[in-house]
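**Student:** Here's my sequence, what's the structure:
(2 chains)
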Amino acid sequence: MKIVVCIKQVPDTTGGVVKVDPVTGTLRRDLMPTIINHDDKTGIEAALQLREKIGGTVTVVTMGPPQADVALREALAMGADEAVLVSGREFGGSDTYATSGILAGALQKIGYDIIITGRQAIDGDTAQVGPQLAEKLGVPQVSYVEEVIDAKPEAITVKRQFEDGYHIIRIKTPCLLTAIAELAEPRYMTVSGIVDAYEKDIQVIGFEDIKDLIEVEWIGLKGSPTNIYKSFTKDLKGAGTILKDLSAEKFVEAIIEKLDEKHII
Amino acid sequence: MSKDIFVVIEQRNNKVQGVGLELIGEATRLNADLKEQVVAVLLGGDVKGEVDKLYHYGADKVILVEDPMLKDFATEPYTKALTAVCKEFEPEIMLFGASSIGRDVAPRLASRIKTGLVADCTGLRMAKEQEELDREVACGCTDPERALLMTRPTFGGNLMATLMCPRTKPQMATVRPGVMKKIAKDTTRKGELIEFKVDFVPEDMNIEILEVVKSEKKAVDLTEAKLIVSGGRGVGGPEGFGIIRDLAKALGAEVGSSRACVDAGWIEKDRQVGQTGKTVRPDLYVACGISGAIQHVAGMENSGFIVAINKNEAAPIFQVADLGIVADLKVIVPKLTEAVNKFNESKTAQ
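**Tutor:** Predicted coordinates:
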């Protein structure tokens, strides 16, 4: 049973600090700390729990620049067995369609029984690569998985979240699941895990390794069906009135006055 | 060959969801430039009763695909049906709600029919300016006057990006619920119905839906709320929402929350405002003890009037507040509730 988790290294925006180049309007990833995307980390945990239930191995895969190996090492330190870095100049600038095609090539190369991806990444926010990867591989998918109810090598039963309820779904392997935060609480790395993680080899898959498995005219910036016309920062609206060092009564008075003036109350 | 704007209508329990009507409204606005037809695609087990409603909100045509296999959402049957619709009718543009259904089926479909898809858009327009048309052509577009420009927030809403899909059709987008506006309902409007058959085989249902559970409690739709009082980490715990609820009650408002409180289990998920939650635009938004993470701000900054109450003067929420109160919400909120109640009483007494 080979469980494969696709992860992405993303800029850490939790502190609210996003560095944007004022001229080009693009993100200065180099100035921001990186983390494993939250939903993907949940996916790693879910994979480790599945391994405990049904056996097999957990392989983490990421597509990105060579520096993305940091994310893979962290996943290894959490307990993953193997790590694969999909990296190459040819892949740069890929949109979700192109990315899923490249990942599908890599996954065909390494093999898989169960694929887990995070639902969406906090940088691109698209939630598209999981379903698109499943389509490229021709395997069924369940997205928005919030609980694994039962797992056997031949099929998994999961709880699929909707805005107004949930479905209990049985899906045969091979298949792809996308993880949401409720699915699992990621474990911490262990000291021995960290030591082991840096002793393991990371397999690198480049363009030459998968060129016969992918549609080469559909990868990278040129092969992506969507292109960025422009990116820009939003204009912040002008600051309002800030009141401080008043008595509670005065504060409340000021609020009521405004709400009355705006005909809200 | 059709060159129309298609809207995939989301239905749950055979009822059309609001986002579908919003998208018909937006498609109608886009069509002022494109001058084709607005076509609603309705999939389901027994949904014919909803067709007229789609005309009333602006659809010129409805393509209805009814089949027992489409009763509950499942990725493969929905993808197969929409693939058949795209092959038969060749839409110019295809829009989906960016819901947990739209964001599941749209990428699968886009991948199958080999076209681009832009996620969670908050702005759509047809290319018009020379610069836009030139850029489309430079990227390989052969009919730039029919090109759609799709704007979406990325990085939790801090950065906006406008994307195009220059070489493949349909140009596909999922659109965030609550952002686009419905057009006024006109019950005299009529349209053309096309009943479209898809040849399903049992294997198309490649998952087994064992149970369908609807939440007993009706999910709160904050996107429709006129007034919202939201609590953040500053409320201190689940019991801290008591004073937030009291204020909301006094104002006749809904209760909202930041992601932190939802993650901590202090309040239900349907109360979350912001990324992976909801974009809201009420007349009044009162942020209590919310620091203002970019994801949250992106979800509420278009509110009519924003009051922020926070002890920390440096909290980013104050940058979007119309009225900022640097004070402890635990002191201010109960007194404000009292004052609102008093105000209402004096009003009714008049």
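**Student:** what mean pLDDT does the helix or strand residue B:249 falls within have?
**Tutor:** Assigned by DSSP states H and E, residue B:249 falls within helix B:241-251. Averaged over helix B:241-251, pLDDT sits at 95.
**Student:** from the chain's centre, how far out does it sit?
**Tutor:** Relative to its parent chain, helix B:241-251 has a centroid offset of 26 Å by C-alpha atoms, centre = their mean, to the nearest Å.
**Student:** got it, and stretch A:198-212?
**Tutor:** The gap between the average C-alpha position of stretch A:198-212 and the chain average comes to 20 Å, counting by C-alpha atoms, centre = their mean.
**Student:** Stretch B:37-48 now?
**Tutor:** Distance, stretch centre to chain centre, for stretch B:37-48: 19 Å (C-alpha atoms, centre = their mean).
**Student:** Equivalent analysis for stretch B:255-270, please.
**Tutor:** That offset, for stretch B:255-270, works out to 19 Å (C-alpha atoms, centre = their mean).
**Student:** can it be found next to chain A?
**Tutor:** Yes. Stretch B:255-270 lies within reach of chain A by C-beta under 8 Å from any C-beta of the partner chain, at B:263, B:270. C-beta: built from backbone N, CA, C; applies to glycine.
**Student:** Pull out the buried residues from that stretch.
**Tutor:** By 16 or more other C-beta atoms under 10 Å in any protein chain shown, the buried positions in stretch B:255-270 come out as B:255, B:256, B:257, B:258, B:259, B:260, B:261, B:262, B:266, B:267, B:269, B:270.
**Student:** what's the answer for stretch B:65-76, then?
**Tutor:** B:65, B:66, B:67, B:69, B:70, B:71, B:73, B:74, B:75, B:76.
**Student:** do stretch A:246-265 as well
**Tutor:** So for stretch A:246-265, counting by 16+ other C-beta under 10 Å, buried means A:251, A:252, A:254, A:255, A:256, A:258, A:259, A:264, A:265.
**Student:** Could you do stretch B:336-348 as well?
**Tutor:** Buried residues in stretch B:336-348 (16+ other C-beta under 10 Å): B:336, B:337, B:339, B:340.
**Student:** chain center to that stretch: distance?
**Tutor:** Its chain's C-alpha centre and that of stretch B:336-348 lie 34 Å apart, by C-alpha atoms, centre = their mean.
**Student:** re the thing from before, and the two most separated of the buried residues of stretch B:336-348?
**Tutor:** Using C-beta to C-beta, those span at most 7.3 Å, a distance reached by B:337 and B:339.
**Student:** Other residues contacting the one helix or strand residue B:324 maps to?
**Tutor:** Assigned by DSSP H and E, residue B:324 belongs to strand B:323-326. Strand B:323-326 has contacts (C-beta atoms under 8 Å, 6 or more residues apart in numbering or on different chains) with A:240-245, A:251, A:254-255, A:258, B:305-313, B:317-318, B:332.
**Student:** please redo it, this time with the cut-off set to 6 Å
**Tutor:** For strand B:323-326, the surrounding residues in contact (C-beta atoms under 6 Å, 6 or more residues apart in numbering or on different chains) are A:240, A:241, A:242, A:243, A:244, A:251, A:258, B:307, B:308, B:309, B:313, B:318.
**Student:** tally of neighbours for the residue of the stretch 101-250 of chain A found nearest chain B?
**Tutor:** In the stretch 101-250 of chain A, the residue that lies nearest chain B is residue A:225 (3.2 Å; C-beta to the nearest C-beta). By other C-beta atoms under 10 Å in any protein chain shown, the residues close to residue A:225 number 23.
**Student:** what's near enough to touch the closest residue to it other than its chain neighbours?
**Tutor:** Spatial nearest neighbour of residue A:225, chain neighbours left out: residue B:116 (3.2 Å); criterion: C-beta to C-beta, 6 or more residues apart in numbering or on different chains. Contacts for residue B:116 (C-beta under 6 Å, 6+ apart) come out as A:225, A:226, B:165, B:168.
**Student:** so which of these comes closest to residue A:105?
**Tutor:** Closest approach to residue A:105 among the contacts of residue B:116 (C-beta to C-beta): residue A:225, at 17.3 Å.
**Student:** Was I right to think that closest one contacts residue B:168?
**Tutor:** Yes. Using C-beta atoms under 6 Å, residue A:225 makes contact with residue B:168 at a distance of 4.8 Å.
**Student:** hey, what's in contact with both of those two?
**Tutor:** With C-beta under 6 Å, 6+ apart, residue A:225 and residue B:168 have common neighbours B:115, B:116.
**Student:** In a markdown table: the buried residues of stretch B:65-76, plus distance to chain A and secondary structure.
**Tutor:** A markdown table is the format used below for these (distance: C-beta to the nearest C-beta, whole Å; DSSP: H, G, I helix; E, B strand; the rest coil):
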| residue | distance to chain A | secondary structure |
| --- | --- | --- |
| B:65 | 20 | strand |
| B:66 | 20 | strand |
| B:67 | 18 | coil |
| B:69 | 14 | helix |
| B:70 | 14 | helix |
| B:71 | 12 | coil |
| B:73 | 8 | coil |
| B:74 | 8 | coil |
| B:75 | 6 | helix |
| B:76 | 7 | helix |
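**Student:** quick check, the residue of the stretch 101-250 of chain A closest to chain B in a helix?
**Tutor:** No. Looking at residue A:225 with DSSP: H, G, I helix; E, B strand; the rest coil, it is coil, so not inside a helix.
**Student:** quick one: contacts for it?
**Tutor:** Residue A:225 sits next to A:97, B:115, B:116, B:165, B:168 when contact means C-beta under 6 Å, 6+ apart.
**Student:** Run a quick neighbour tally on the second one.
**Tutor:** Going back to what we said before, that points to residue B:115. When neighbours are counted by other C-beta under 10 Å, residue B:115 comes out with 20.
**Student:** ok, so what distance separates the nearest residue to it once chain neighbours are set aside from residue A:160?
**Tutor:** Among residues not flanking residue B:115 along the chain, residue B:168 sits closest, at 4.0 Å (C-beta to C-beta, 6+ apart). Shown here: residue B:168 relative to residue A:160, a distance of 30 Å by C-beta to C-beta, to the nearest Å.
**Student:** so where do the strands sit in the stretch 151-300 of chain B?
**Tutor:** For the stretch 151-300 of chain B, applying DSSP state E, counting those that start in this stretch gives strands covering B:159-164, B:171-175, B:192-195, B:207-214, B:227-231, B:254-257, B:284-288.
**Student:** how about the last one, does it get close to chain A?
**Tutor:** Yes. Strand B:284-288 is in contact with chain A by C-beta under 6 Å from any C-beta of the partner chain, via residue B:284.
**Student:** Which neighbouring elements make contact with that strand?
**Tutor:** strand B:227-231, strand B:305-310 (3 or more C-beta pairs under 6 Å, 6 or more residues apart in numbering or on different chains; DSSP states H and E).
**Student:** Next: the third one.
**Tutor:** Based on contacts counted as 3+ C-beta pairs under 6 Å, 6+ apart, the elements that strand B:192-195 packs against are strand B:61-66.
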